[in-house]
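Asks: no FASTA, just this:
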């Protein structure tokens, strides 16, 4: 029987939360971090993730990952890691579910295009956009904009990959600096985030490395045989075939990916426990002032993952079929961005209202509108704007 680990001294505690920017009474049914999780699940930006690209555009196939299914997989892995380490599982899951809310349509191609279009208007960064979504752009409550999440969740959203104080001079990060000053809320941007947020960050790496292998094979971009000499996945494939002679390729793929997730999770737990002991971490403050990330892969695993990532980059992320989609996606978003800047009156009324002011304010409103689109909506909106016969059918 699996025993529940004792709660660690360095775990975050909902009852000890630093609270919310706009004070609210406690929930009768949920701890503070679980309430944050529920607000994320119910928000519009989270629902839109179901038709936002992970690698493949959402309409290319029902079985490929989208931002939504990716976020759910990340949340599951983050929660499992947090449980094993004696951390707050609600907080780890919450940060994981929120981490991609700011991604625009068409994955990294969409982000690259918005970065290019916003170069003269304050820039674009999907992590900052996630922060803006949960603190400003979501409008679901009469008393405040955003979701009014706890300090710990917001800290995890913006710092899950480590301290960010060194980025505040970047134009896109102005919103983060302004939030702390205007709200009197110091997110301690020069320190590490909680171990729960670090679990969410590494769960993101575990999830995408595994499901990109799965999706890449399903899409026919490479085969299991092509992976035979790739560290980590190659030995696992050989072991699956030895354990299950005659197993069909589909099941070999699924079993290998399942095992690889387990191997990576075990490696993270071992390395994290080693670092916590070596660095004498005994409190949440020790976590924030640590000299390094604590939830991490071992050096050997990092080396193997570097080879796997190079393989995926060459054979999947820059495959000509994926490149064609990236090219189309960038053209769609670029053409819409330039049209909306020139003619903001063709945007819906609520976005027209936000585009009033100087060119930078108009550009930010256009960027926010486009960043919130799903793949399917962006494609249809582009058709309506640039194809006359569809434009007449309002």
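Replies: Looks like it arrived, so ask away. Everything numeric in this text was worked out from a predicted model, so none of it was measured.
Asks: Give the other helices and strands that whichever strand or helix holds residue 204 contacts.
Replies: Using DSSP states H and E, residue 204 sits within helix 195-218. Applying 3 or more CB pairs under 8 Å, 6 or more residues apart in numbering; DSSP states H and E, we find helix 195-218 packed against helix 67-84, helix 89-98, helix 151-159, helix 249-278, helix 299-312. Just so you know, the C-beta spots here come from the backbone N, C-alpha and C atoms, and that holds for glycine as well.
Asks: Of all those helices, which one comes closest to residue 119?
Replies: Nearest of the helices and strands packed on helix 195-218 to residue 119, taken as CB to CB: helix 151-159 at 22.0 Å.
Asks: orientation of that closest one relative to helix 195-218 in degrees?
Replies: 50 degrees (axes from the mean of the first three to the mean of the last three CA atoms, to 10 degrees).
Asks: Taking helix 89-98 as reference, get the angle to helix 151-159.
Replies: Going by the same axes, to 10 degrees, helix 151-159 makes 40 degrees with helix 89-98.
Asks: Distance across stretch 216-224, terminal residue to terminal residue?
Replies: Terminal residues of stretch 216-224 lie 10 Å apart, using CA to CA, to the nearest Å.
Asks: buried residues in the helix holding residue 204?
Replies: Using 16 or more other CB atoms under 10 Å as the burial criterion, the residues of helix 195-218 that qualify are 195-217.
Asks: following that helix, which helix or strand shows up next?
Replies: Next helix or strand after helix 195-218 toward the C-terminus (DSSP H and E): helix 233-243.
Asks: which helices and strands does that next one pack with?
Replies: Judged by 3+ CB pairs under 8 Å, 6+ apart, helix 233-243 is in contact with helix 249-278.
Asks: After the helix it packs on, which helix or strand is next?
Replies: Following helix 249-278 toward the C-terminus (DSSP H and E): helix 284-288.
Asks: Need the contact partners of that next one.
Replies: If you take CB atoms under 8 Å, 6 or more residues apart in numbering as the criterion, helix 284-288 is touched by 10-12, 188, 191-195, 279-281, 294.
Asks: and residue 222, how many neighbours?
Replies: A count of nearby residues for residue 222, using other CB atoms under 10 Å, gives 18.
Asks: re earlier: and the angle from the helix holding residue 204 to helix 249-278?
Replies: Orientation check (the same axes, to 10 degrees): helix 195-218 against helix 249-278 gives 160 degrees.
Asks: SS state for the residue nearest to the spatial centre of the chain?
Replies: Centroid-nearest residue in the chain: residue 100, 2.9 Å away (criterion: CA atoms, centre = their mean). Following DSSP: H, G, I helix; E, B strand; the rest coil, the label given to residue 100 is coil.
Asks: picking that back up, between the helices and strands packed on helix 195-218, which gets nearest to residue 38?
Replies: In terms of CB to CB, the element of these nearest to residue 38 is helix 89-98, at 9.0 Å.
Asks: The helix or strand just after the closest one - what's its average pLDDT?
Replies: Going down the chain from helix 89-98, the next helix or strand is helix 107-117, by DSSP H and E. Helix 107-117 shows an average pLDDT of 94 in the prediction.
Asks: next one: stretch 387-394
Replies: Mean pLDDT, stretch 387-394: 60.
Asks: again with stretch 224-242
Replies: Across stretch 224-242, the average pLDDT comes to 96.
Asks: buried ones in it?
Replies: Here stretch 224-242 shows 224, 227, 230-237, 240-241 as buried, counting by 16+ other CB under 10 Å.
Asks: where does the stretch 1-150 of the chain have low pLDDT?
Replies: By pLDDT under 70, the weakly predicted segments of the stretch 1-150 of the chain are 1-2, 54-63.
Asks: please redo it, this time with the cut-off set to 50
Replies: The model of the stretch 1-150 of the chain has pLDDT under 50 over residues 57-59, 61.
Asks: pLDDT value on residue 167, please?
Replies: What the model reports as pLDDT for residue 167 is 93.
Asks: quick one: it and residue 176, what's the gap?
Replies: Residue 167 sits 8 Å away from residue 176, going by CB to CB, to the nearest Å.
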